[in-house]
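Here's a sequence, model it:
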Amino acid sequence: MVLDTKTIIKTLEKFTACDVSDALVKKGFKNGGFFPNLIRQSKRTESSTSASSSSDPEKVTPPMVGFAYTVLFAPYDDPRPEVKGGYIDALPEDCVLVIGTTKALQVPYHPFTKVNNALYGGLMSTRANYLKSKGTVVFGRVRDIDEHRALNRNVFSYGLGSTAHKPVVKMVGINVPLEIFVDNYPEGAYEVIRPGDFIVGDDNGVVRLPASYEADGDSAAESGSGVSPTLQAILEYIPKRVAADELVAEDIKAGEKATVAQKHRRQGL
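So this is what the prediction gives:
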């Protein structure tokens, strides 16, 4: 079975950011793909399909899931030329717009950015929604918060602002790798979000699921699924782990010790 991008997105939409992180940890990614310090400023809600028809149907908040479409901003003294023409009109369907800055504009402590101007605003969300983009992640500030919420759009950022970006930064890259500093013990490191990586976000935070893995080499093309063996293994592991943990919860409610239930239900995963 060939796993195309839409199929992978539909699969991941059934799970939480925590579920994806658990799978990444199982496969050797210690940080679980998590990018800390992002705040869910706005979220998409929809009527529950299981809710009975009424004048006030139950609302649910599904996770934000899509593939990364990246944009890079830099200070004006950066030697790279400014990319003209904007990015918003080229957003592909099902993408998560991910906006980052160069290393010079990042700091390891709050507010995690040197840029007080907002990198993203309400008109951008209006266009992005029309193009059926799944959400926006900004490693910086956003503005027009009421507009994003009125648009029912998923928006994550470090913080809020009131001023547009133009006076202080320029766009220097579209669909390029973004290097994001993530502080950690004993020391921090730059994590890379590449175009096409899968992004999952909910109230727990934002997780990046790489679309490709160096250890797999060229084996993705040979696997017959169209994806790397590591990604395929992660996608297969997630529902098994979720099902096991649901049984763990039932065992605990019935009086079983948590350690015993976890060991029993997760055995062999």
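
In contact with E13: list those residues for me.
62-63, 65 (CB atoms under 8 Å, 6 or more residues apart in numbering). Every C-beta, even on glycine, is put in place using the N, C-alpha and C of the backbone.

out of those residues, who has the most neighbours?
Most neighbours among the contacts of E13, by other CB atoms under 10 Å: V65, with 27 neighbours.

Mind listing what's buried along stretch 260-268?
261-262, 265 (16 or more other CB atoms under 10 Å).

ok so, going back, closest one of the contacts of E13 to L247?
Among the contacts of E13, P63 lies closest to L247 (CB to CB), at 22.4 Å.

can I assume the closest one is in contact with G201?
Yes - at 6.5 Å, P63 and G201 qualify as touching, with contact defined as CB atoms under 8 Å.

quick check, nearest of the buried residues of stretch 260-268 to I39?
Of the buried residues of stretch 260-268, the one sitting nearest to I39 (CB to CB) turns out to be Q262, at 31.2 Å.

Name the SS class of H264, please.
Secondary structure assignment for H264 (DSSP: H, G, I helix; E, B strand; the rest coil): helix.

ok, which stretches of the stretch 101-250 of the chain are strands?
For the stretch 101-250 of the chain, applying DSSP state E, counting those that start in this stretch gives strands covering 118-120, 135-142, 155-160, 169-174, 178-182, 189-193, 198-202, 205-209.

what residue lies at the spatial centre of the protein?
Note on the chain: the residue nearest the mean C-alpha position is I199, at 3.0 Å, using CA atoms, centre = their mean.

For burial, what's the neighbour tally of G28?
9.

Would you double-check that it falls in a helix?
No - counting by three-state DSSP, one finds G28 to be coil, located in no helix.

how much space between it and P210?
12 Å (CB to CB, to the nearest Å).

Then D183?
Here D183 is placed at a distance of 21 Å from P210 (CB to CB).

So between those two, which is more surrounded?
Taking other CB under 10 Å, D183 and P210 do not tie; P210 has more neighbours (20 against 13).

Let me see the contact set for the more buried one.
With the criterion set at CB under 8 Å, 6+ apart, P210 makes contact with 33, 194, 197-198, 231.

which phi and psi does R80 have?
Main-chain dihedrals, R80, degrees, to the nearest 10: phi -70, psi 140.
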